[in-house]
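Visitor: Just a sequence and a predicted model for now, questions to come.
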Amino acid sequence: MPKILLKTMIDAPIENCFDLSRSIDLHVQSMSSSKEQAIAGKTYGYIELNEAVTWKAKHFGFTFQMTNEITKLNKPIEFIDEMIKGPFKKLKHIHQFRSVNYQTEMTDIFIYCSPFGIFGYLAEKLFLNNYMKKLLMKRNAVIKTQVEKKPETSFRL
């Protein structure tokens with residue numbers, strides 16, 4: 001089973017990073033290129049333990065639906081979402097957060113298995129692993145940009 005490990009350093013408090021990582025609205029924004037939408041279950045706001053969301057998106061010219069559930073949530077250290085219905089044989093995304101010298105280290109551990117036996121295995125090796133990694137990196141860049149935004153400076157007279 002392929003496993004993608006990503007670490008992203010963010011100049012923001014751990015609580016803010018944790019919450020934005022659970023934001024349905026921010027996820028939709030970060031996946032606009034695949035026209036991803038939350039169509040059932042929790043469709044906006046912050047997803048919580050035992051809540052599920054059904055996503056609809058277009059990848060490789062095909063429209064897919066996938067339902068993920070939050071199976072573990074330990075604020076603000078870790079949460080796990082797992083596919084309960086969708087195109088993969090298995091999908092588990094572990095989100096971990098750690099404070100490091102006034103920054104937050106956000107770690108993604110993304111484990112998945114394609115269907116279709118040997119053909120799925122070949123797809124993973126040839127292009128799917130790289131594609132999934134790029135999607136995660138894009139999502140993390142949006143989270144980082146959003147959470148690091150500084151409020152506008154107010155002028156005092």
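Guide: Noted; the coordinates are in hand. Residues are numbered from 1 along each chain as shown.

Visitor: can you give me the helices in this structure?
Guide: Secondary structure of the chain by DSSP state H: the helices cover 14-21, 24-30, 117-123, 129-148.

Visitor: Lowest average pLDDT across those helices?
Guide: Among the helices of the chain, helix 117-123 has the lowest mean pLDDT, at a mean of 81.

Visitor: Can you tell me what sits against that one?
Guide: Applying C-beta atoms under 8 Å, 6 or more residues apart in numbering, the external contacts of helix 117-123 come out as 89, 113, 114, 116. (C-beta placed from N, C-alpha, C; glycine too.)

Visitor: Reformat the residues you listed as CSV; add distance to residue 7.
Guide: Listed next are these as CSV, based on distance: C-beta to C-beta, whole Å:
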residue, distance to residue 7
89, 26
113, 23
114, 25
116, 31
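
Visitor: for those, which one is nearest residue 3?
Guide: Using C-beta to C-beta, residue 113 comes nearest to residue 3 of these, at 10.2 Å.

Visitor: Near the closest one, how many other residues are there?
Guide: By the criterion of other C-beta atoms under 10 Å, residue 113 has 14 neighbours.
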